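K.L.:
Build the 3D model from these lines:
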Amino acid sequence: MNQRDYLQLALFLAALFALTPPLGRLMAAVFAGEKTFLTPALGRLEALIYRLAGIDGRREMGWKRYLSALLVFHAVGLVVIVLIQMTQAWLPLNPQKMPNIPFGLAFNTAVSFKTNTNWQAYSGESTMSYGTQMLALCVQNFLSAATGIAVAIALIRGLIRHSGETIGNFWADLTRATLYVLLPLSLIFSLVLVGQGVVQTLAPYVDVTTLEGAKQTLPLGPAASQVAIKLLGTNGGGFFGQNSAHPFENPTPLSNFLQILAIFAIPSGLTYTFGCMAGNRRQGWGIFGAMLFLFIAGFAVAWPSELAHNPATGLTASMEGKETRFGVMNSVLFATVTTDTSCGAVNAMHDSLAPLAGLVTLVNMMLGEVVFGGVGAGLYGMLIFAILTVFIAGLMVGRTPEYLGKKIEAREITWAVVAVLAPAAAILVETAIACVTQAGVSSIANPGPHGFSEILYAFTSCTANNGSAFAGLNANTDFYNYMTAVAMLIGRFAIIVPVLAIAGSLVAKKSVPPSAGTFPTDTVTFAALLVAVVLIVGALTFFPSLSLGPIVEHLLAQAGRTF
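P.N.:
Alright, predicted model coming up:
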């Protein structure tokens, strides 16, 4: 550790605090239908989109219709992405003559980008054409991120409206999130990245001769535009196989700093949006504070662990799996941030992290991706925990729990428990299946306990819609393509459905004025209790996962097999 590292960490936190209010205010105004500085330039385009699509953006929906529109939209999009991949050899924008993608991988990739996971069982530069990268994957980076924001806004409306029936219009929320938030930010960020040296071209790959006289092919492509939204939308899918460790995606220390900041920018801003829309900014800062505490706690464990003496190698501050242009601190900061959110982009190989640092990345995802989390998804996930927290607080003081003036009753708690436990169950069940079947263990390249960790990490990452991985597991098999696709679908929609159901239930309730027995939810005490609930619920996945290893070893031993 040195002063420069501490200074950079301070600059990162200062920039995050500075960006949160203006970005939060912008999003609050956009989803309230108010005019912003972008309205003169984009207002007519928004109206044109509605007219061409035959949509009345002012006609609001109940939660069931909102959910139906969301599911139909994603089902149709899923089919389109699969078809583009399976026909890319015959489509334009394929200068390298990439062949068609087989169905198993195409389906897995389509589900991955549809669910904001961006799990990649392939290397982009050797598998996907420019057309597929742009028309299928990059487009979904925008739409999946916009969907997460839309669901978060719908839940906020359910909390703040009184005796209503509607929670907004999905098509309008999707359009506004894309048009006023994601596109402008991505355009600006793309230009900055190009200025730093990130490639953006439709030219074919270039063959060069190295200084040693060897022949090498340099992959190119429209990377900057995809890198910008992969980070701002907490998608994470790299244009190249090495993701943000590749010099054509992340060439300089400045580009690395900006990429880390971009991952947190919108999730952090949405906490302020929540405070603005709730009419109490302390509510938003309370959620922000809980998220920030969990982030700092994880980083404070991971960073010293990565710098500690390793008795196996006799080294400190190991650079294995890291880029020399970033160093240890930037690698650990990136790893912590990307697993705190559902981003999954990497600038170092997580499989090479020290044991405790690798454990932090795993636990971050097992907490439900609520430590800032994915765009929208982190906020609505944390609000689910807030509902559980006020329920527990209500039991402690012997009163009906309330949140933002809405009574939290059996219906909301039932849906909240479903949202919390469904992903945890998916991680444990699918990991167990993979560990005791030949199709699952045959993909392991590292026999022993670490092989189990690689499988556990894979299903945790997919269920958390993160997309990062411990290397060493061959995931491009029919078994893993379909199993991880199921995990990604559960991790996305088994949470969205309960969230919208809760929004629909709460929006119909009258607001109850606070009384002497009301537990305040805009205080440090509530934020601390919220953190405790997140950790306790996260333990429901973490500790069974630890005990799963010996059980699996025993079952495999009985079958005469080992990892």
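K.L.:
Would you tell me what helix or strand the closest residue to A464 other than its chain neighbours is located in?
P.N.:
Nearest in space to A464, with sequence neighbours left out and distances taken as Cβ to Cβ, 6 or more residues apart in numbering, is M365 at 3.9 Å. For glycine as for every other residue, the C-beta is placed from the backbone atoms N, C-alpha and C. Element membership for M365, per DSSP states H and E: helix 355-366.
K.L.:
count of residues packed around the residue nearest to A464?
P.N.:
Residues contacting M365 under the criterion other Cβ atoms under 10 Å number 28.
K.L.:
Neighbours of E34, how many?
P.N.:
9.
K.L.:
now K114
P.N.:
By other Cβ under 10 Å, neighbour count at K114 equals 23.
K.L.:
Distance-wise, check it relative to L232.
P.N.:
The gap separating K114 from L232 is 18 Å, by Cβ to Cβ, to the nearest Å.
K.L.:
circling back: of all the residues in the helix holding M365, which ones are buried?
P.N.:
Neighbour counts using 16 or more other Cβ atoms under 10 Å place A357, G358, L359, V360, T361, L362, V363, N364, M365, M366 of helix 355-366 among the buried residues.
K.L.:
which outside residues touch it?
P.N.:
298-299, 301-303, 305-306, 332, 335-336, 339-340, 350-351, 353, 371, 424, 427, 453, 456-457, 460-461, 464, 466, 468, 470, 538, 541-542, 545 (Cβ atoms under 8 Å, 6 or more residues apart in numbering).
K.L.:
at 7 Å instead, please
P.N.:
Residues from elsewhere that reach helix 355-366 (Cβ atoms under 7 Å, 6 or more residues apart in numbering): 298, 301-302, 305-306, 332, 335-336, 339-340, 350, 353, 371, 457, 460-461, 464, 466, 538, 541-542.
K.L.:
One more: stretch 401-408?
P.N.:
Contacts for stretch 401-408 (Cβ under 7 Å, 6+ apart): 159-160, 278, 386-387, 390-391, 393-394, 400, 506, 509, 511-513, 518, 521.
K.L.:
now swap in stretch 41-61 and tell me
P.N.:
A69, T166, I167, G168, N169, F170, W171, A172, T175, L179, Y180.
K.L.:
need the contact list for the fourth one.
P.N.:
G168 makes contact with E60, M61, Y66, I153, A154, R157, according to Cβ under 7 Å, 6+ apart.
K.L.:
cool, and the third one?
P.N.:
Taking Cβ under 7 Å, 6+ apart, we find I167 in contact with M61, W63, Y66, A154, R157, G158, A503, G504, V507.
K.L.:
before we move on, back to that, please narrow the contacts of helix 355-366 to those residing in helices.
P.N.:
298, 301-302, 305-306, 332, 335-336, 339-340, 457, 460-461, 538, 541-542 (DSSP state H).
K.L.:
And these, which is closest to A494?
P.N.:
T541 (14.0 Å; Cβ to Cβ).
K.L.:
mind checking how far the residue nearest to A464 is from Y6?
P.N.:
According to Cβ to Cβ, M365 stands 27 Å off from Y6.
K.L.:
do C343 as well
P.N.:
24 Å.
K.L.:
re earlier: state the mean pLDDT of the helix holding M365.
P.N.:
Helix 355-366 comes out with an average pLDDT of 91.
K.L.:
Convert it to PDB, retaining C-alpha atoms only.
P.N.:
Below are the C-alpha coordinates for helix 355-366, written out as PDB (Å, rounded to 0.1, in the frame of the first residue of the first chain):
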ATOM      1  CA  PRO A 355      -8.200 -16.900  -1.300                       C
ATOM      2  CA  LEU A 356      -9.700 -14.100   0.800                       C
ATOM      3  CA  ALA A 357     -10.000 -11.700  -2.200                       C
ATOM      4  CA  GLY A 358     -11.600 -14.400  -4.300                       C
ATOM      5  CA  LEU A 359     -14.000 -15.100  -1.400                       C
ATOM      6  CA  VAL A 360     -15.000 -11.500  -1.300                       C
ATOM      7  CA  THR A 361     -16.000 -11.600  -4.900                       C
ATOM      8  CA  LEU A 362     -18.100 -14.700  -4.300                       C
ATOM      9  CA  VAL A 363     -19.800 -13.300  -1.200                       C
ATOM     10  CA  ASN A 364     -20.500 -10.000  -3.000                       C
ATOM     11  CA  MET A 365     -22.600 -11.900  -5.500                       C
ATOM     12  CA  MET A 366     -24.200 -14.200  -2.800                       C
END
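K.L.:
Could you check how far it is from the centre of its chain?
P.N.:
Taking Cα atoms, centre = their mean, to the nearest Å, one finds helix 355-366 lying 15 Å from the centre of the chain it belongs to.
K.L.:
ok, now stretch 33-41?
P.N.:
What separates the centre of stretch 33-41 from the centre of its chain is 28 Å, taken as Cα atoms, centre = their mean.
K.L.:
got the contact list for stretch 458-471?
P.N.:
Residues outside stretch 458-471 that contact it (Cβ under 7 Å, 6+ apart) are 112, 115-120, 236-237, 338-339, 342, 344, 346, 349-351, 362, 365-366, 369, 374, 377, 423, 426-427, 430-431, 453-454, 457, 473, 475, 484, 487-488, 490-492.
K.L.:
sorry, back to before: can you tell me which of the buried residues of helix 355-366 is nearest F274?
P.N.:
Closest to F274, out of all of these and judged by Cβ to Cβ, is N364, at 21.5 Å.
K.L.:
In space, what's closest to the closest one - neighbours in sequence excluded?
P.N.:
Once flanking residues are discounted, N364 sits nearest to T339: 4.0 Å by Cβ to Cβ, 6+ apart.
K.L.:
check contacts around the one you found.
P.N.:
Taking Cβ under 7 Å, 6+ apart, we find T339 in contact with T361, N364, M365, N466, S468.
K.L.:
Farthest-apart pair in these, please.
P.N.:
N364 and S468 (10.1 Å).
K.L.:
Figure out the helix or strand that the most centrally placed residue in the chain lives in.
P.N.:
By Cα atoms, centre = their mean, the chain has its centre lying nearest to S342, at 1.7 Å. Under the criterion DSSP H and E, no helix or strand holds S342.
K.L.:
ditto for T217
P.N.:
Per DSSP H and E: strand 215-218 holds T217.
K.L.:
hang on, the earlier thing: so between C343 and Y6, which is more surrounded?
P.N.:
C343 (36 against 11).
K.L.:
Regarding the spatially most distant residue from the centre of the chain, what is its secondary structure?
P.N.:
Taking Cα atoms, centre = their mean, the residue of the chain most remote from its mean C-alpha position is G213, at 42.5 Å. Following DSSP: H, G, I helix; E, B strand; the rest coil, the label given to G213 is coil.
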